[in-house]
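J.: fold the following, please.
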Amino acid sequence: MPPWHENESFWCTMEPFIFPRARFEAAEDEIERVLALTGIEGGAVLDIGCGPGRHSVALAKRGFEVTGVDVTPCLLRRAKELARSEGLEVEWILADMREFVRPAGFDLVISMFTSFGYFDTAEENERVLGNFRESLRPGGACVVDVIGKEVLARVFEPTAATTLEGSAVVFERREVARDWSRMHVVWTLVDGDRATHFELDHAIYSAQELKDRLRHAGFSSVACHGNFDGDRYGPDAQRLVALAR
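T.: Numbers count the residues shown, from 1 in each chain. All right, here's what the predicted structure looks like:
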């Protein structure tokens with residue numbers, strides 16, 4: 001079986017849980033705030049790990065030349081349908097973020113909704129950041145949005161249950177592993193008398209750890225914020241939003 005992040009069955013089955021309607025509705029506002037944070041007013045944007053395209057489409061609406069990259073065919077199909085329904089042109093590419101690079105191809109690179117840190121080794125995850133840096137044009141900006149280790153320590157709950165539209169329920173079991181360097185999660189989708197289990201594991205970063213990795217990847221300036229508005233990364237942070245140039 002492929003790793004969870006390459007498992008199309010995982011993404012197709014769990015899409016209603018991972019990408020509910022509210023997340024699509026929030027994308028427009030999130031992009032407005034990202035653009036204000038970066039000061040990027042136009043040009044080419046790479047949405048890496050674009051999923052069903054909610055941020056790519058929001059950018060295309062604003063006149064950006066958008067490239068959305070994802071490794072999951074069913075999510076890219078959903079993204080194409082969304083863009084088509086809005087009458088928008090977006091370049092959709094099926095590719096692994098460890099391999100995708102377009103030298104000096106973009107004014108802005110975005111990695112949203114904890115789409116970074118999927119891979120098992122530090123080297124693989126750092127290669128991804130190197131690809132981001134190589135793909136930026138001079139004067140460009142990169143935004144990496146994750147749930148920071150400090151935020152996670154404040155809000156962590158080992159178990160949760162979420163009812164989806166209809167009668168299905170997702171049960172979650174979470175565990176911090178490897179000395180607070182990884183998050184291991186088990187999701188169980190119960191729909192009627194059928195239960196489907198998925199396990200996922202990803203890296204987690206403190207602000208300093210993410211900043212160090214971005215600098216190691218070649219970025220000369222890195223600032224960490226607690227939200228897309230650019231507020232400081234402090235005790236009340238909602239996310240870990242790194243702005244790198």
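J.: show me the contacts for Glu30.
T.: 55, 58, 112, 228 (C-beta atoms under 8 Å, 6 or more residues apart in numbering). All C-beta spots, glycine's among them, are computed from the backbone N, C-alpha and C.
J.: pick the one among the residues you listed closest to Arg174.
T.: Met112 (20.9 Å; C-beta to C-beta).
J.: relative to Pro235, how far out is that closest one?
T.: According to C-beta to C-beta, to the nearest Å, Met112 stands 23 Å off from Pro235.
J.: of these two, who's got more company?
T.: Shown here are Met112 and Pro235; by other C-beta atoms under 10 Å, Met112 has more neighbours (25 against 9).
J.: so what's Ala244 closest to, chain neighbours aside?
T.: Phe219 (4.0 Å; C-beta to C-beta, 6 or more residues apart in numbering).
J.: how would you label the one you found: helix, strand or coil?
T.: coil (DSSP: H, G, I helix; E, B strand; the rest coil).
J.: look up phi and psi at it.
T.: In terms of degrees, to the nearest 10, the main-chain angles of Phe219 are phi -80, psi 140.
J.: determine the longest helix present in the chain.
T.: If you go by DSSP state H, the chain has its longest helix at helix 21-38.
J.: pull the CA atoms of that helix into PDB?
T.: In PDB, the C-alpha atoms belonging to helix 21-38 read as follows (Å, rounded to 0.1, in the frame of the first residue of the first chain):
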ATOM      1  CA  ARG A  21     -18.000  23.400   2.500                       C
ATOM      2  CA  ALA A  22     -16.800  25.900   5.200                       C
ATOM      3  CA  ARG A  23     -13.200  25.500   4.100                       C
ATOM      4  CA  PHE A  24     -14.100  26.300   0.500                       C
ATOM      5  CA  GLU A  25     -16.000  29.400   1.700                       C
ATOM      6  CA  ALA A  26     -13.000  30.500   3.800                       C
ATOM      7  CA  ALA A  27     -10.500  30.400   0.800                       C
ATOM      8  CA  GLU A  28     -11.400  33.800  -0.600                       C
ATOM      9  CA  ASP A  29     -10.700  35.500   2.700                       C
ATOM     10  CA  GLU A  30      -7.500  33.500   3.300                       C
ATOM     11  CA  ILE A  31      -6.100  34.500  -0.100                       C
ATOM     12  CA  GLU A  32      -7.000  38.200   0.500                       C
ATOM     13  CA  ARG A  33      -5.000  38.100   3.700                       C
ATOM     14  CA  VAL A  34      -2.100  36.100   2.200                       C
ATOM     15  CA  LEU A  35      -1.800  38.700  -0.600                       C
ATOM     16  CA  ALA A  36      -1.900  41.600   1.900                       C
ATOM     17  CA  LEU A  37       0.800  39.800   4.000                       C
ATOM     18  CA  THR A  38       3.200  39.200   1.100                       C
END
